[in-house]
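1. sequence first, then the predicted structure:
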Amino acid sequence: MTAIAPAPSRATLPSLGPGLALIGDSWQALPGTFPVHDATTGEPVAEVSNCREQEARLAADHAVAAFAVWRATSAWERSAILRRWFDRIVAHEGELAHLMAREMGKPVTEGRGEVKYAAGFVEFYAEEAKRLGGETVPSQFPGKRLLVNHKPVGPVYAITPWNFPAAMVTRKVAPALAAGCTVILKPAEATPLTALRLAELWLEAGGPAGTLQVLPCADPVPVSRVLIADPRIRKLTFTGSTEVGMRLYAQAATTMKRLSLELGGHAPFIICADADIDAAVTQVAASKFRNAGQTCVCANRIYVHESRCEEFVERFATTVRALRVGDPLDPSTQIGPLVNSEGLDKVIDHVRDARAGGAEVVVGGGVISGNYFEPTLLTGTRTGMKIMDEETFGPVAPVMSFTSDDEALRLANAVPVGLAAYVWTRDLGRAFRMSEALEYGIVGVNDGLPATPQAPFGGVKNSGIGREGGRWGIEEYLDVQYISIQLP
């Protein structure tokens, strides 16, 4: 069984303090609170204000009032504030990484990388705010002028997940603010502290009252019910499970809200016969074991051509055995704990089901202690096993061989989701043919980490609708207005 590296002493760690809801420009300590737990020890590290219907209604009023002012500010002013926000996020990289390590178990070194990624969205949209020009359309009538404008859609309700507590906030909030929208943010129950600190930095950067509000809550249903039913809230953006996303989709229809839904994934990683195996091993490990496998785009199903499967497994096993499991506050840690016991139970169930179906455990396969699960490599997996048919969200890499490109594509596409997929090949023609045939919104060809702020991120099928990142991300927060002018 894998041992956990010694933990740093928590006796000298700074207190995270109480988490206060941000409503308007006021930090509010509510009578009701809920605890945030240390992902490693399970101990409570902070008490956070627990928002409900009353706070949601108040936040909606502030968002609507602030929108009337914020939409009228110049793009240059919005850009300058976003740029100052970027500077503050970068300056507090270590602090934000520490918060994430405590509240969701992300290794602090990896957390620093997430903060850079999160800040990248703010920097990009600070620049993009100044590029939101309109256009003219030629008219067939000499006395007419046809204009197209882009206008902010209105106040936004944003719901973010726990696995990227910083990046999922900025990926939604930065383009909305750049477009002239105001945002009410509901962070995940497990990870509100990072979101609250980001909002504090927004205010320090000069963000006007009511432009960004944060409503932490132990139960998201009452807050979401109010804000989704409010016709003044014109946009809903959500990252989370497909099941919840579908419910929100239906609820938002009653007020015809604009929607962006980034839902579940189950990414295939196809390693072709001509692949560079050493490079593939490195990239599969980076994709699969980042955040202990708790990402929507990590490699969940590894398909290797039968002629290279034995070679790949042998080399990959060496890499998996070398992964350092430890306390997320230790800079040398590569694998931290899973976010909670529910996540651990799902991983245990998937591995147990695979073993019962004939899969072989090459590396790992068991619980270490607490919410830690060993980095695991399985072979002999097949369609029909839970681990090949469902998203695992844990540090388990299942390998299955294939005989032809057509078979690999059939296996890869035989799921109802379509967020990210990966292809490893040296053949340019194969790279184009396979990437075009994959039913996924994101395809990494010889690239296990394709996400970047300036590119579109999102899926097809049950992985959601809309895109985040790049110019596509800001277009999700803009309405198109057409103006036809008959000259006198």
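-> Everything's here; your move.
2. going forward, measure contacts between C-alpha atoms and count neighbours the same way
-> Fine.
3. quick one: end-to-end distance for stretch 217-236.
-> Terminal residues of stretch 217-236 lie 18 Å apart, using CA to CA, to the nearest Å.
4. which residues touch it?
-> 34, 48-53, 55-57, 60, 64, 153-159, 186, 189, 251-252, 254-260, 477 (CA atoms under 8 Å, 6 or more residues apart in numbering).
5. please pick the buried ones from these.
-> 34, 48-52, 55-56, 60, 64, 153-159, 186, 189, 251-252, 257-260, 477 (16 or more other CA atoms under 10 Å).
6. thinking again about what came up before, counting only strands, which of the contacts of stretch 217-236 make the cut?
-> With strands taken from DSSP state E, the overlap with the contacts of stretch 217-236 comprises F34, V48, S49, V156, Y157, A158, I159, K186, R258, L259, S260.
7. where do the strands of the stretch 201-350 of the chain begin and end?
-> Using DSSP state E, counting those that start in this stretch, the strands of the stretch 201-350 of the chain run over 212-214, 235-239, 258-262, 267-271, 299-305.
8. quick one: which of those strands is nearest A167?
-> Closest to A167 of the strands of the stretch 201-350 of the chain, according to CA to CA: strand 235-239, at 11.5 Å.
9. partners of the closest one in the sheet?
-> Applying DSSP bridges to the sheet, strand 235-239 is found paired with strand 156-159 (parallel), strand 258-262 (parallel).
10. would JSON lines of those with mean pLDDT and distance to Y482 be doable?
-> Output for the strands paired with strand 235-239, formatted as JSON lines (pLDDT from 0 to 100; distance: least, CA to CA, whole Å):
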{"stretch": "strand 156-159", "mean pLDDT": "98", "distance to Y482": "23"}
{"stretch": "strand 258-262", "mean pLDDT": "97", "distance to Y482": "18"}
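11. turn these into CSV, including distance to V223.
-> CSV is the format used below for the strands paired with strand 235-239 (distance: least, CA to CA, whole Å):
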stretch, distance to V223
strand 156-159, 10
strand 258-262, 18
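12. quick one, which of the ones you listed gets closest to L99.
-> Closest approach to L99 among the strands paired with strand 235-239 (CA to CA): strand 156-159, 19.1 Å.
13. quick one, the next helix or strand after that closest one and strand 235-239 angle?
-> Note on strand 156-159: by DSSP states H and E, the next helix or strand toward the C-terminus is helix 167-179. Note on geometry: by axes from the mean of the first three to the mean of the last three CA atoms, to 10 degrees, helix 167-179 and strand 235-239 are set 160 degrees apart in direction.
14. helix 167-179: how far from the chain's middle?
-> Its chain's C-alpha centre and that of helix 167-179 lie 12 Å apart, by CA atoms, centre = their mean, to the nearest Å.
15. tell me which residues in stretch 30-50 are buried?
-> For stretch 30-50, burial by neighbour count (16+ other CA under 10 Å) applies to 33-40, 42, 45-50.
16. nope, stretch 304-317 is what I meant
-> V304, H305, E306, R308, C309, F312, V313, F316, A317.
17. hmm, back to that, the strands paired with strand 235-239: which one's closest to S139?
-> Taking these one by one with CA to CA, strand 258-262 is closest: 29.8 Å.
18. need the strands of the stretch 201-350 of the chain in CSV with distance to G19, can you?
-> Formatted as CSV, the strands of the stretch 201-350 of the chain follow (distance: least, CA to CA, whole Å):
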stretch, distance to G19
strand 212-214, 10
strand 235-239, 22
strand 258-262, 27
strand 267-271, 35
strand 299-305, 35
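19. for K144, find the nearest of those strands.
-> The nearest among these, by CA to CA, is strand 258-262 at 31.1 Å.
20. list of residues touching that closest one?
-> 234-240, 245, 249, 252, 458-459, 463-467, 476.
21. report the buried members of these.
-> Among those, the ones that count as buried by 16+ other CA under 10 Å are 234-240, 245, 249, 252, 458-459, 463-467, 476.
22. restricted to helices, list the residues you listed.
-> G245, Y249, A252 (DSSP state H).
23. nearest to G293 among those residues?
-> Nearest member of those to G293, counting by CA to CA, is G245, at 21.2 Å.
24. got a list of what the nearest residue to F316 once chain neighbours are set aside touches?
-> For F316, ignoring the flanking residues on the chain, the nearest one in space by CA to CA, 6 or more residues apart in numbering is V281 at 5.5 Å. For V281, the contacting residues are F312, R315, F316, T319, by CA under 8 Å, 6+ apart.
25. tell me, what's the model's pLDDT at the third one?
-> It refers to F316. Here the pLDDT value assigned to F316 is 98.
26. could you do T2 as well?
-> 64.
27. before we move on, what about G17?
-> So, for G17, pLDDT stands at 60.
28. again with the one 4 residues further on
-> Confidence per residue is given as pLDDT, and for A21 that number is 96.
29. and which of the ones in helices among the buried ones among the contacts of strand 258-262 is nearest to F432?
-> For those, the nearest to F432 is G245 (31.5 Å; CA to CA).
30. burial of L411, as a residue count?
-> The burial count assigned to L411 is 18, neighbours taken as other CA atoms under 10 Å.
31. can you start the count at 849 instead of 1 from here on
-> Taking 849 as the first residue, the last one we looked at is L1259.
32. now do the buried residues in the helix or strand encompassing it.
-> Using DSSP H and E, L1259 sits within helix 1253-1261. By 16+ other CA under 10 Å, the buried positions in helix 1253-1261 come out as D1253, A1256, L1257, L1259, A1260, N1261.
33. need those in TSV (columns: pLDDT).
-> Listed next are the buried residues of helix 1253-1261 as TSV, based on pLDDT from 0 to 100:
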residue	pLDDT
D1253	97
A1256	98
L1257	98
L1259	98
A1260	98
N1261	98
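34. where along the stretch 1199-1336 of the chain do the helices fall?
-> Taking DSSP state H, counting those that start in this stretch to define them, one finds helices in the stretch 1199-1336 of the chain at 1234-1237, 1253-1261, 1276-1285, 1318-1323.
35. so can I have a markdown table of those helices showing distance to L1049?
-> Shown next, in a markdown table, are the helices of the stretch 1199-1336 of the chain (distance: least, CA to CA, whole Å):
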| stretch | distance to L1049 |
| --- | --- |
| helix 1234-1237 | 40 |
| helix 1253-1261 | 42 |
| helix 1276-1285 | 40 |
| helix 1318-1323 | 22 |
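36. quick check: which of those helices is nearest to L1051?
-> Using CA to CA, the helices of the stretch 1199-1336 of the chain put helix 1318-1323 closest to L1051, at 21.6 Å.
37. what packs against that closest one?
-> helix 956-976, helix 1015-1027 (3 or more CA pairs under 8 Å, 6 or more residues apart in numbering; DSSP states H and E).
38. hey, which of those helices is tucked in deepest?
-> Among the helices and strands packed on helix 1318-1323, ranked by average contacts under mean count of other CA atoms under 10 Å, first place goes to helix 1015-1027 (a mean of 27).
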